[in-house]
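S.K.: Next come a sequence and a model predicted from it.
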Amino acid sequence: MKLAAIFCAAIEVSLQTGPDICDITRELERLIEASRSQEGHLTATMIGSTGSLTTIEFEPGVISDLKRAIAQLAPPGQAYEHEKAWHDGNGHSHVQAALMGPSIALPIRQGRLKLGTWQQVVAINHDNRPRTRKIEVTIVGDAQRRVGD
């Protein structure tokens, strides 16, 4: 019989004015290693209403394409009701982040994220200023014990 274990942690990433995209795959893999889970799942949620998480092939062409697509979803410089109330110029940032979503759930298999060959997990800042983003991570998996524990 295997026992289930829950492991919680957080990572922080510094991102430039949005859309800025950062590969966080290695940080998530380090948390899986720390959790000792071999099989299970990882959920990650970006804290804040102008950031999102997704997967892409983290290469310059796809990054450029994604940035362009995000700007087309909710272009900066248009009239947003949020800006009428707050006058902070980031109405588009909130809409972009809402459309992309703040969370991601991924399988863990054999102690690693189960991703495609060209698939990485990325954090995106949509805000109109640089931000340090906190990402809360929860891993639910089998409880593995190391020799000597």
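M.R.: Great, that's in hand.
S.K.: can I assume Phe7 sits in a strand?
M.R.: Yes: per DSSP: H, G, I helix; E, B strand; the rest coil, Phe7 lies within a strand segment.
S.K.: Next one: it from Leu53, what distance?
M.R.: 18 Å (C-beta to C-beta, to the nearest Å). (Each C-beta comes from the backbone N, C-alpha and C, glycine too.)
S.K.: Looking at those two, which one has more neighbours?
M.R.: In this view Phe7 and Leu53 are compared by other C-beta atoms under 10 Å, and Leu53 has more residues nearby, 23 against 18.
S.K.: Name the helix or strand for that one, please.
M.R.: strand 51-56 (DSSP states H and E).
S.K.: That strand: what's the following helix or strand?
M.R.: Following strand 51-56 toward the C-terminus (DSSP H and E): helix 60-73.
S.K.: what comes up buried for the helix or strand bottoming out on mean pLDDT in the chain?
M.R.: Least confident helix or strand, the chain: helix 81-86 with a mean of 88, by mean pLDDT, DSSP states H and E. Across helix 81-86, burial judged by 16 or more other C-beta atoms under 10 Å covers His82.
S.K.: Report the distance from that helix to the chain centre.
M.R.: 27 Å (C-alpha atoms, centre = their mean, to the nearest Å).
S.K.: residues in contact with that helix?
M.R.: For helix 81-86, contacts defined as C-beta atoms under 8 Å, 6 or more residues apart in numbering pick out Asp88, Gly89, Asn90, Gly91, His94.
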